[in-house]
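Student: Have a look at this fold, sequence not included:
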């Protein structure tokens, strides 16, 4: 596969990311030819979460203060209960996320990942899904929430849980391959 | 102290409750003379969270399906990132919470605890605080959010973090001692 040759993708995450929701999209994007960077709010390593305990760690490539949307073609936000809860309290992480929308670039978010989209205020009238616990927060933020394994609305790709990863990854690769979407906006 | 003699208080929580935010209010309420029950969505024990790891467990007195607001004079919702995220997905936990509001009874919620109040749809025009990460979700749910160690609006007592526990507990005891508040509503 070389669908994503010459594409660079940022995965934004911190401690408590749902292990499979970072590693599996990363693998799928790399297998499609993309260069993937792990971006975080801290240097060093970030810790995954698996089931009822901490899981695998991964090295951070760059902290969010050092990067711009212009360095990347697309953004991916994994879930995990703690990860987006922490990310959304970092102004630069929220602004970095928002900048992908204002520059019409594809964004994927799964599980609790869309909490960062609430904070970035990019959900008005967007069709999305998420983990069920944050459904009300997404609706209150202006989104049109649906219960489907993957939802794609103008290059915003969302899914509910790790069980949806195959569909999420396929749609993500497709959208990133297409490039900028004129109707992706904030 | 006998301020809360003959008062029964429900603490609603599940796995991932912030350890201090359950044990310290429980102690303060009991020292003031209240009988305190741990109510959960599962039988057996629930696990606390402390710092970066699981903390102390506590036995569940009753599951939420077995109780009614009429069994209690007041409700307390501890935080922890995972605990209210899980509680809000249980219809009976959300309805139990809402019933304290529709029956004018005091409710305390700290840290991420107010996520359950979003789900219970009881925050329109209520003055509250919370952990900073969920501020936007509370505002989007109709609340008037302020950054104070303890906020009391017609028997709804809220605080931000474990650092606020002393002020939270004092205000909670005071409100529960006063009993029903005519202006507490849903």
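Tutor: Nice, thanks for sending it over. Computed from a predicted model, the values in this text were never measured in an experiment.

Student: rest of the way, CA atoms for contacts and neighbours
Tutor: OK.

Student: Output the set of residues of chain A in proximity to chain B.
Tutor: Contact residues, chain A versus chain B (Cα under 8 Å from any Cα of the partner chain): A:81-82, A:85-86, A:88-89, A:118-119, A:132-134, A:136-137, A:140-141.

Student: and which of the residues you listed is nearest residue B:6?
Tutor: Among the residues of chain A next to chain B, residue A:133 lies closest to residue B:6 (Cα to Cα), at 35.7 Å.

Student: for the closest one, what are its contacts?
Tutor: Counting by Cα atoms under 8 Å, 6 or more residues apart in numbering or on different chains, residue A:133 makes contact with B:85-86, B:88-89.

Student: Filter those down to the buried ones.
Tutor: B:85-86, B:88-89 (16 or more other Cα atoms under 10 Å in any protein chain shown).

Student: Check the gap between the closest residue to residue A:150 other than its chain neighbours and chain B for me.
Tutor: Leaving aside its chain neighbours, residue A:150 sits nearest to residue A:159 (4.6 Å; criterion: Cα to Cα, 6 or more residues apart in numbering or on different chains). Using Cα to the nearest Cα, to the nearest Å, residue A:159 is found at 17 Å from chain B.

Student: What is the neighbour count of residue A:164?
Tutor: Using other Cα atoms under 10 Å in any protein chain shown, the number of residues around residue A:164 comes to 17.

Student: Assign a three-state SS to it, would you?
Tutor: helix (DSSP: H, G, I helix; E, B strand; the rest coil).

Student: ok, now the one 5 residues further on?
Tutor: Reduced to three states with three-state DSSP, the structure at residue A:169 is helix.

Student: Wait, it touches residue A:25, no?
Tutor: Yes - between residue A:169 and residue A:25 there is a contact at 5.7 Å, judged by Cα atoms under 8 Å.

Student: which residues of chain A score low on pLDDT?
Tutor: The model of chain A has pLDDT under 70 over residues A:1.

Student: In it, what residue spans correspond to helices?
Tutor: In chain A, the helices defined using DSSP state H lie at A:19-31, A:82-87, A:91-102, A:114-119, A:135-140, A:165-178.

Student: and of the residues of chain A next to chain B, the nearest to residue B:99?
Tutor: residue A:136 (19.0 Å).

Student: residues contacting the closest residue to residue A:134 other than its chain neighbours?
Tutor: The spatial neighbour of residue A:134 that comes closest, neighbours along the chain excluded (Cα to Cα, 6+ apart), is residue A:112 at 7.0 Å. Each residue near residue A:112 by Cα under 8 Å, 6+ apart is listed here: A:78-81, A:84, A:130-131, A:134.

Student: what is the one residue sitting closest to the centre of chain A paired to in the beta sheet?
Tutor: Nearest residue to the geometric centre of chain A (Cα atoms, centre = their mean): residue A:77, 1.9 Å. Counting by DSSP bridges, residue A:77 forms beta bridges with residue A:109.

Student: thinking it is in contact with residue A:115, fair?
Tutor: No - Residue A:77 is beyond contact range of residue A:115, at 9.5 Å (criterion: Cα under 8 Å).

Student: What's the ChimeraX syntax to select whichever of the contacts of residue A:112 are buried?
Tutor: Filtering these down to the buried ones (16+ other Cα under 10 Å) takes a single ChimeraX command:
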select /A:78,79,80,81,84,130,131,134
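
Student: how about the contacts of residue A:112, which pair is most distant?
Tutor: The most widely separated members of these, counting by Cα to Cα, are A:78 and A:134 (14.4 Å).

Student: Throw the helices of chain A into CSV and include distance to residue B:7, thanks.
Tutor: CSV is the format used below for these (distance: least, Cα to Cα, whole Å):
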stretch, distance to residue B:7
helix A:19-31, 45
helix A:82-87, 35
helix A:91-102, 44
helix A:114-119, 38
helix A:135-140, 33
helix A:165-178, 49
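
Student: tell me the most buried of those?
Tutor: Comparing these by mean neighbour count (mean count of other Cα atoms under 10 Å in any protein chain shown), helix A:114-119 comes out on top with a mean of 26.

Student: Output the contacting helices and strands for it.
Tutor: helix A:82-87, helix A:91-102, helix A:135-140, helix B:135-140 (3 or more Cα pairs under 8 Å, 6 or more residues apart in numbering or on different chains; DSSP states H and E).

Student: Out of those, which gets nearest to residue A:10?
Tutor: helix A:91-102 (10.0 Å).

Student: Just checking the distance from the closest one to the centre of its chain.
Tutor: Distance of helix A:91-102 from the chain centroid (Cα atoms, centre = their mean, to the nearest Å) equals 12 Å.

Student: next one: phi and psi at the residue lying closest to residue A:161 once chain neighbours are set aside?
Tutor: Leaving aside its sequence neighbours, residue A:161 sits nearest to residue A:111 (Cα to Cα, 6+ apart; 5.1 Å). When read as degrees, to the nearest 10, the backbone of residue A:111 gives phi 70, psi -110.
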